[in-house]
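**Q** Below is the sequence, then the predicted model.
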Amino acid sequence: MAKSSMSKMSSPKSRTSKLVLPEGSAIALVYRLETAQAVSLAKKVADHLKEKNFKVLTGPEQKLIPGTKAAKTKDLNDVKLIIVLGGDGTYLRAVRMLEGRNVPILGFNMGSLGFLTAHSAESTFAIIEKTLAGKMVLRPRSMLVAKINRKGKTRGEYHALNDVVIERGSMSQLINTAIYSEKFLVSEVKADGFIVASPSGSTAYNLAAGGPILHPESPVFVVTPVAPHSLTSRPLIFPDDRELSFKLDAKKTQKAHFIVDGQKMTEITPDDEVVLTRSCYDHWMVREPDHNYFHLLREKLKFGDRS
């Protein structure tokens, strides 16, 4: 369950801001687990930061990087930056680790795709130097908040950077789900599941399921059915100031898996109502000032490539 302590949404006029790290600030490292290359780079990054007089911590639930302090959850309150060395899965693990704290993340890709970890591993020290020199900017990404309500009480609250998924899991039958927007029925759909994706998550599971690519600063989210049992069931884009809710059909579906950013959190039943809104807190990514999202699409997904 995420804490509500991230910085609140910025206004459209202040979509970016400079990242300034005073000397002596605490920086946490999160690396790709059980990967020798990531562990080796983490050690080098830690040494480099200590030489610059920064306090370096190893993120929770990881093997301690030599010469650093093991960060406990309470230590993250004082961290000013997280550096991720891994793939997008490692990045999302760092987001979960923060539990809603207002800490920007600088990601270096050591995985296969790297939409969230947009900087190459080869550029690690050059980008870190630019970051320490105050030459990088913070770009906001909207997040989703999902509440699971049962009999008038909230039994779970979760924040997601990429997506929230309701799916049948290993069960053989499709799930029957009613979708509501502001309490108005949108549709009743029979499918393997449903993806509710933020703009950041639109290039993840949503894209694989046939959903649209959303610009990362679009004030919307998208609901995409997974393998629907109807040709008329298509992805729907909603303004992110609307409340969406999902409820299983008690006559046809007994339970479903509830997944947040790729991690199964719980199971839901027809007694539950899943309510989704945009979180009032944004996540902040560290980017170069001339970062180009469309270049990222072309590079990572070969977007528009006709060859």
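**A** All right, it came through fine.
**Q** Give me the contact list for stretch 194-201.
**A** Stretch 194-201 is contacted from outside by 115-116, 141-144, 146, 160-167, 177, 179, 204-206, 209, 211, 214-218, 220-226, 244, 246, 261, 276, 283, using C-beta atoms under 8 Å, 6 or more residues apart in numbering. C-beta coordinates here come from the backbone N, C-alpha and C atoms, glycine included.
**Q** Val30: neighbour count?
**A** By other C-beta atoms under 10 Å, the residues close to Val30 number 28.
**Q** Touching the longest helix belonging to the chain from outside, list them.
**A** When the chain is parsed with DSSP state H, its longest helix is helix 36-51. The contact list for helix 36-51 (C-beta under 8 Å, 6+ apart) reads 27, 29, 31-32, 56, 58, 63, 65-68, 83, 85-86, 90, 108, 110, 121, 124-125, 128.
**Q** In ChimeraX, select just the buried ones from those residues.
**A** Buried residues among the contacts of helix 36-51 (16 or more other C-beta atoms under 10 Å), as a ChimeraX selection:
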select :27,29,31,32,56,58,65,68,83,85,86,90,108,110,121,124,128
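**Q** Inside strands: which ones of the contacts of helix 36-51?
**A** Applying DSSP state E to these, the entries found in strands are 27, 29, 31, 56, 58, 83, 85-86, 108.
**Q** Which members of those residues are the farthest-apart pair?
**A** Val56 and Gly86 (17.0 Å; C-beta to C-beta).
**Q** Poorly predicted segments of this protein, please.
**A** 1-15, 302, 304-307 (pLDDT under 70).
**Q** dump the residue contacts of the residue sitting furthest away from the middle of it.
**A** Using C-alpha atoms, centre = their mean, the residue of the chain lying farthest from its centre is Lys251. It sits 33.7 Å away. Applying C-beta under 8 Å, 6+ apart, we find Lys251 in contact with Asn176.
**Q** and if we set it to 10 Å?
**A** Lys251 makes contact with 176, 270, according to C-beta atoms under 10 Å, 6 or more residues apart in numbering.
**Q** ditto for Ser120
**A** Per C-beta under 10 Å, 6+ apart, neighbours of Ser120: 108-110, 114, 126-127.
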